[in-house]
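Colleague: A predicted structure for the sequence below; I have some questions about it.
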Amino acid sequence: MLSKKMEKAFNDQIKWEYFSAYLYLSLSAYFQGLGLPGFANWMDVQFQEEQFHARKMFDYVLEKGGKVQLQGFDAPQHTWKSPLAAFEFALKHEYVVTKRINDLVDLAQKEKDHASAIFLQWYVTEQVEEEANFGDTVNKLKLVGDGGGLFMLDRELATRVFTPPAAA
Ligand code: FEO
């Protein structure tokens, strides 16, 4: 079973993961509107990743006999001043998610909930990859600027596909 504190914290994080999905769908629409379908594809894949993160946690709460209570959230931002500003915004969002996951691990340890602490290790590792993925594109955007390099990068980002993690 889950303590009430853990159950609430997991429900809050499920909301954050679904909000992240919604934010990246908003970013996908933004990039599509700019005529950058590769960037839009990359964000579409991220939209799927976030739904996977949320659902994995949702299933865990139920498996532990907890109650899932879905929460509402505010509309995500829908416009940015440039592709670089959009990716920097997303990277900052991921830093917040990382902090939230770390706080969840701290809570699991405080509650002596070893199963949840182990479960959350997957998210700790996943956040390393998330920050690296966003950070890599921020760096590339800084290098290419606003010129033709943007279209080359768009072609590269068009190749990203969603692959559900095998061992998840
Ligand atoms: Fe679910 Fe991008 O963190």
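Modeller: Thanks, I have the structure now.
Colleague: element containing whichever residue of the chain sits closest to the ligand, please.
Modeller: Closest to the ligand within the chain is residue 53: 3.7 Å, counting by C-beta to the nearest ligand atom. From N, CA and C alone the C-beta is placed, and that goes for glycine too. Per DSSP states H and E: residue 53 is located in helix 37-63.
Colleague: again with residue 124
Modeller: Short version, using DSSP H and E: residue 124 is in helix 114-144.
Colleague: below-threshold pLDDT in this protein: ranges please.
Modeller: Within the chain, the ranges that satisfy pLDDT under 70 run 166-168.
Colleague: near the ligand, which residues of it?
Modeller: Residues of the chain lying near the ligand by C-beta under 6 Å from any ligand atom: 17, 20, 50, 53, 94, 97, 130.
Colleague: try 5 Å this time
Modeller: 17, 50, 53, 97, 130 (C-beta under 5 Å from any ligand atom).
Colleague: against residue 81, how distant is the closest residue to the second one other than its chain neighbours?
Modeller: If I follow you right, that is residue 50. For residue 50, ignoring the flanking residues on the chain, the nearest one in space by C-beta to C-beta, 6 or more residues apart in numbering is residue 21 at 3.6 Å. As judged by C-beta to C-beta, to the nearest Å, residue 21 and residue 81 stand 23 Å apart.
Colleague: the helix holding residue 124 packs against which elements?
Modeller: Contact here means 3 or more C-beta pairs under 8 Å, 6 or more residues apart in numbering; DSSP states H and E; on that basis helix 114-144 packs against helix 37-63, helix 83-110, helix 149-157.
Colleague: I am finished for the moment; much appreciated.
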